[in-house]
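Peer 1: just a sequence and a predicted model for now, questions to come.
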Amino acid sequence: MKTLIIKLGAAGDVVRTTTLLNVLKGEVHWLTSDSNIVLLKGALKVSDCIPFSKKNDLRNRFYDLIINLEDTLEVAMLLKEIKFGELFGAYLNKTDKLTYTEYSKEWFDLSLISVYGKEKADQLKFENRNTYQEMIFKGLGYQFAGEKYFIPEPTDSGLEGDIAIAAQSGTVWPMKNWAFYDELKIKLMAKGYKVNFLPQRNTLLEHIGDIRNHRYLISGDTLPMHIALGSGVKCITIFICTSPWEIYDYGVQRKIVSPYLKEYFYKRTFDPKATASISLSEVYEAALKEFGK
């Protein structure tokens, strides 16, 4: 059995997809973005990590199974030049329209290429109560049973403490940036915790090291959250505009969900009301309760 997984990014999505490595049989190759190659280095099941810049190396290769979790035209066009037995995920149909295989519909029905259109897809996503892993595993014929992420070994970053705070969520989802991280840090430090904001790092391995050098993490639905989940680091996660139900908590996560989640669900615009929709006191009190002293 020879399988190709196609999951380019975001980095957190690559990390949570590594759960498949626990169940797939035979040899596994993985096509991912150049920046995410480091996340797969050292994964015993992955015998070949192909950076997207070298995607042409895949032309005319044969795979028994391709798992394509990308919904882009560029990747779908690449599939036409790879030989395979079975496909799970997105592809171009006979009229060159992006669609997806029947067994992958539980996930892709909620996606940008949903046969129902974006508005209905977002509604289905909001109503969905299955985790990402449950949906993907089921479509591939497996039952998700809490299989762990693969997280590569970090480099020593030199930053350590009790609580790490990941305050930045990037530009794609501006409403993930909760408004009160600065005030939260001050209040937690007053309680005697050593609290650090996670800095920008040159490498993802340093970033992983930063998180593992703390006992706890407070963040939004971001890559640091996935690293914490995969590393057994207890975490509080703030959900303002994305699905809390798709995230499997591995017994270490407390989710705090905005009361306005439905209003802002999967919107990539910015509204300051959203970032302030969860109070400082709610997160602070949850931290004291979850983390203790």
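Peer 2: Yep, that arrived.
Peer 1: hmm, who's touching the longest helix along the chain?
Peer 2: If you go by DSSP state H, the chain has its longest helix at helix 280-291. Helix 280-291 has contacts (C-beta atoms under 8 Å, 6 or more residues apart in numbering) with 162-163, 178, 180, 183-184, 187-188, 191, 193, 215-216, 218, 234, 236, 238, 254, 256. C-beta here means a position set from N, CA and C on the backbone, and glycine is covered the same way.
Peer 1: recalculate using a threshold of 10 Å.
Peer 2: If you take C-beta atoms under 10 Å, 6 or more residues apart in numbering as the criterion, helix 280-291 is touched by 162-163, 178-184, 187-188, 191, 193, 195, 215-216, 218, 234-236, 238, 252-256, 278-279.
Peer 1: go through it and flag the buried ones.
Peer 2: Within helix 280-291, the residues scored as buried using 16 or more other C-beta atoms under 10 Å are Leu280, Val283, Tyr284, Ala286, Ala287, Phe291.
Peer 1: please apply the same query to stretch 195-207.
Peer 2: Using 16+ other C-beta under 10 Å as the burial criterion, the residues of stretch 195-207 that qualify are Val195, Asn196, Leu198, Leu204, Leu205, Glu206, His207.
Peer 1: distance between that stretch and the chain's centre?
Peer 2: Centre-to-centre, stretch 195-207 and its host chain are 17 Å apart (C-alpha atoms, centre = their mean, to the nearest Å).
Peer 1: ok so, going back, mind putting the buried residues of helix 280-291 into TSV with pLDDT and distance to Lys105?
Peer 2: Output for those, formatted as TSV (pLDDT from 0 to 100; distance: C-beta to C-beta, whole Å):
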residue	pLDDT	distance to Lys105
Leu280	98	41
Val283	98	36
Tyr284	98	42
Ala286	97	36
Ala287	97	39
Phe291	92	40
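Peer 1: TSV for those residues, including distance to Leu110?
Peer 2: Putting the buried residues of helix 280-291 into TSV (distance: C-beta to C-beta, whole Å) gives the following:
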residue	distance to Leu110
Leu280	32
Val283	28
Tyr284	33
Ala286	28
Ala287	31
Phe291	33
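Peer 1: out of the residues you listed, the closest to Asp122 would be?
Peer 2: Asp122 lies nearest to Val283 out of those, by C-beta to C-beta, at 26.1 Å.
Peer 1: who does the lengthiest strand in the chain pair up with?
Peer 2: With DSSP state E setting the assignment, residue counts place strand 83-92 as the longest strand in the chain. Within its sheet, strand 83-92 is paired with strand 62-68 (parallel), strand 98-100 (antiparallel), according to DSSP bridges.
Peer 1: flag every buried residue along the shortest one.
Peer 2: Using 16+ other C-beta under 10 Å as the burial criterion, the residues of strand 98-100 that qualify are Leu98, Thr99, Tyr100.
Peer 1: returning to what we had before: closest to Glu81 out of the strands paired with strand 83-92?
Peer 2: Closest approach to Glu81 among the strands paired with strand 83-92 (C-beta to C-beta): strand 62-68, 11.8 Å.
Peer 1: show the buried residues in the contacts of helix 280-291.
Peer 2: Buried, going by 16+ other C-beta under 10 Å: 162-163, 178-181, 184, 187-188, 193, 195, 216, 218, 234-236, 238, 252-254, 256, 278, out of these.
Peer 1: mind checking which of those land in helices?
Peer 2: Under the assignment DSSP H, the buried ones among the contacts of helix 280-291 contribute Tyr181, Leu184, Lys187, Leu188 to helices.
Peer 1: just confirm the second one contacts Ile218, I think it does.
Peer 2: Yes: between Leu184 and Ile218 there is a contact at 7.0 Å, judged by C-beta atoms under 10 Å.
Peer 1: need the overlap of contacts for those two.
Peer 2: Counting by C-beta under 10 Å, 6+ apart, the contacts common to Leu184 and Ile218 are Ile163, Ile165, Ala167, Trp178, Val195, Ile236, Val283, Tyr284, Ala287.
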